[in-house]
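# quick one, structure for this:
(one chain, ligands or ions: 1)
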Amino acid sequence: MRPLFTSCSVALAALIAAPALAGYAKAPIDLAVSVTAPRQHVFYVTEKIPVTPGPLTLYYPKYIPGEHGPTGPIVNLAGLVFRAHGKTLAWHRDPVDMYTFRLNVPKGANTLAIDFDFLSPVGGGAFTAGVSMTPRIVDLEWNQVALYPAGLPTAKIVFHPRITLPRGWRYGTALVTASNNGNTHVFAPVTFNNLVDSPLIAGKYFRQVNLAPDSTVHRYLDMVADYPQALDIGDTYTRDYRNLIVQANRLFGSHHYENYHFLLTLSDHTGHFGLEHHQSSDDRINADIFLNKQTLLGEASLLPHEYTHSWNGKFRRPAKLWQPNFETPEQTRLLWVYEGLTNYWGEVLAARSGLWTTPDYRAMMAYYAADMAHRPGRQWRPLIDTTIAAQLGYASPHFYANWRRGTDFYDEGALIWLGVDTKIRKLTHDKRSLDNFARRFFGMDNGSDLTKTYTFADIVVALNAVVRYDWSGYLRQRLDKTSAHAPLGGLADGGWKLVYSATPNPYEQARETIHKFTDVMFSIGLTVDKKGKIDDVLWQGPAFKAGLAPGMKIVGIDGTTFSPAALKRAIASTTGGRNTVIGLTAKAQGVIQHFTIRYTGGIRYPHLVRVPGTPDYLSQIAAPVRD
Ligand SMILES: [Zn+2]
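Take a look at the predicted model:
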């Protein structure tokens, strides 16, 4: 592995000019993590840091790359003890920055020993602050289990990590294993940047699949699971994930890792998300994804999305999202590129690799176009404000999400990039596409993992090199302006139009099954869980106007008890104005009330239909790229 340096040399130079601390680069910090009884949800940590006597400041990582905010799970750190020269040392926490610890190293000491426990969550929490440990699985992000000294860039601090796992467990990681000693696995020394960038999954049930058997650059699918059958990926999905490697190579024309590991946790008991890294991704998903076609349909773009991040987010990164250590605040204005473009290509690559058929891809596109078309919050909040305040958006509640907007830069960002792709195809009469931008912007320095930062101006220059156009004006209009309408111009330019019908959308059905809810947002304007609890209500939609609100529990529909089927039947009864009202009884906060929804539109599921006489760019975009 190579250290990750970036073009941000000014900030780096300022920090390197701390000569007294240069020793950390030469003498690695010893980090020993032990997890022998995962059912108790504890990582036991011992750290040994070379020191010299005097004041010392240590940090717990705060801004976690990929989580785009100050999300380091410090609330789970406990049992902290510092020892040096035979003494237990007093310490105090900074009263302003609670991720900072200060102490005095006594005379004669050259090593500081630190013991602490990381109490791995048993419920709740988002991303890596969520459930990461079960009796059969351990998912470790190393930022959870390390303190590091202030004064040097984290690319200059070297760690020597090891982990002790339950007997017989196997593991996957992009770290290089130096030795295995029984249940203790020792890794080659690595910079703190790369350590935080190299999670580890381990489990009782583990399987590794080689996704590039004919290449000297290895790409592995490492899997841990609740039960052995979940690891049964089968020939078809193995072929599709191998296609993903091939199609990503053809899209970007480069790779920016030595080897790559998809670290896939198949569990119904851990949190579910993906977190990108340069040479791996921490992907956590339902246990049955390879056993249940509907689960795969709903989640097919997860691995393509996280893989795309190796190029878009890790190799190329918005300038203000790169920082010299994990305490310096990140600025997230360009997340519509980092996440929006990754969303777009993650979905395109899911189709090009065969994980989705072209109709699957269209069903997904129809769903997200409809979802973004039901975002009245765009009237008060431009998309750029959701990126600037991303760290609030990830943590914001889901109720009235359509009015507050949250993290719309994923799905609306993808629609904007579809617009850019189809616009390039139109302007160049099919000679060029966003694939040309991909090669230009991400395809340089093949094999290098040295992060290159970029600005908005760099994006515009690269687009103009593909085809000249007012790209700055095009993008700024969609990013900075409020609007009553979603940016669906890319669909129209791609030859398709969003419509609604009573025929279910299979992608939406898969989402309903996976997430155990009923989605009638596009008809009466609400989503509801299996037991009738309302998750969200469309701002000023039919249900909102009737007085319904998130958090209420629907108990009766037109005189019958609640069930998802009864709700959909009642909505369907309004088709063509045959019925004009739906009566709902709901209870909330100790009060039961009756509500009358005035609605005549019937059930509405989103679909795309061809616009006659236009080129079908959308199908061309979804088709595999030939050599
Ligand atoms: Zn992402």
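
# what about N325, which SS state?
Assigned by DSSP: H, G, I helix; E, B strand; the rest coil, the conformation of N325 is coil.

# does it touch G151 like I think?
No - contact between N325 and G151 fails when scored by C-beta atoms under 8 Å: they sit 9.3 Å apart. Using the backbone N, CA and C atoms, a C-beta is placed for each residue, glycine as well.

# neighbour count for the two, which is higher?
Between N325 and G151, counted using other C-beta atoms under 10 Å, N325 has the larger neighbour count: 22 against 19.

# what sits against that one?
Residues in contact with N325, defined by C-beta atoms under 8 Å, 6 or more residues apart in numbering, are 15, 59, 148, 153-154.

# count the neighbours of A188 for me.
Counted with other C-beta under 10 Å, the neighbours of A188 add up to 12.

# which non-adjacent residue is nearest it?
What sits nearest to A188 in space, not counting adjacent residues and going by C-beta to C-beta, 6 or more residues apart in numbering, is V176, at 4.2 Å.

# contact residues of the chain facing the ion?
Applying C-beta under 5 Å from the ion, we find that the chain lies next to the ion at 339, 342.

# quick one, longest helix in the chain?
Among the segments of the chain that qualify as a helix by DSSP state H, the longest is helix 234-252.

# quick one, strands of the stretch 1-150 of the chain?
Assigned by DSSP state E, counting those that start in this stretch, the strands in the stretch 1-150 of the chain fall at 29-34, 42-50, 54-59, 77-84, 87-88, 91-93, 100-105, 111-119, 133-134, 137-140, 148-149.

# using JSON lines, please lay out the ones you listed together with mean neighbour count.
Shown next, in JSON lines, are those (neighbours: other C-beta atoms under 10 Å):
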{"stretch": "strand 29-34", "mean neighbour count": "20"}
{"stretch": "strand 42-50", "mean neighbour count": "19"}
{"stretch": "strand 54-59", "mean neighbour count": "16"}
{"stretch": "strand 77-84", "mean neighbour count": "16"}
{"stretch": "strand 87-88", "mean neighbour count": "10"}
{"stretch": "strand 91-93", "mean neighbour count": "13"}
{"stretch": "strand 100-105", "mean neighbour count": "18"}
{"stretch": "strand 111-119", "mean neighbour count": "18"}
{"stretch": "strand 133-134", "mean neighbour count": "22"}
{"stretch": "strand 137-140", "mean neighbour count": "26"}
{"stretch": "strand 148-149", "mean neighbour count": "22"}
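
# would you list the ones you listed in TSV and tack on mean pLDDT?
Output for these, formatted as TSV (pLDDT from 0 to 100):
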stretch	mean pLDDT
strand 29-34	98
strand 42-50	98
strand 54-59	98
strand 77-84	98
strand 87-88	97
strand 91-93	98
strand 100-105	98
strand 111-119	98
strand 133-134	97
strand 137-140	98
strand 148-149	98
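
# what about the stretch 101-250 of the chain, any weak spots by pLDDT?
For the stretch 101-250 of the chain, no stretch has pLDDT under 70.

# where does it get nearest to the ion, residue-wise?
At 10.8 Å from the ion, F127 is the closest residue in the stretch 101-250 of the chain, using C-beta to the ion.

# how close does that residue get to P135?
Going from F127 to P135 by C-beta to C-beta, to the nearest Å gives 22 Å.

# pick out whichever of the two has more residues nearby.
F127 (21 against 14).

# the residue of the stretch 501-627 of the chain found nearest the ion sits in which helix or strand?
Closest to the ion within the stretch 501-627 of the chain is R511: 18.0 Å, counting by C-beta to the ion. Here R511, judged by DSSP states H and E, is contained in helix 506-515.

# report the buried residues of that helix.
The neighbour-count check on helix 506-515 (16 or more other C-beta atoms under 10 Å) flags 506-512, 514 as buried.

# mind giving me the packing neighbours of that helix?
When contacts are defined as 3 or more C-beta pairs under 8 Å, 6 or more residues apart in numbering; DSSP states H and E, helix 506-515 packs onto helix 293-299, helix 358-373, strand 517-519.

# which helix or strand lies directly C-terminal to the second one?
By that I understand helix 358-373. Next in sequence after helix 358-373, counting helices and strands by DSSP H and E, comes helix 383-388.

# then that next one to CSV, C-alphas only?
The C-alpha atoms that make up helix 383-388 are tabulated as CSV, following Å, rounded to 0.1, in the frame of the first residue of the first chain:
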residue,chain,number,x,y,z
LEU,A,383,-30.5,21.7,-4.1
ILE,A,384,-27.2,23.4,-3.2
ASP,A,385,-28.5,24.1,0.3
THR,A,386,-29.0,20.4,0.9
THR,A,387,-25.4,19.8,0.0
ILE,A,388,-24.0,22.7,2.1
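
# for that helix, name the packing helices and strands.
If contacts are counted by 3+ C-beta pairs under 8 Å, 6+ apart, helix 383-388 sits against helix 335-338, helix 411-427, helix 471-480.

# so K533 makes contact with K553?
Yes - the pair K533 and K553 qualifies as a contact (C-beta under 8 Å) at a distance of 4.9 Å.

# on that earlier part again, can you give me the offset of the helix holding R511 from its chain's centre?
Its chain's average C-alpha position is 19 Å from that of helix 506-515, according to C-alpha atoms, centre = their mean, to the nearest Å.
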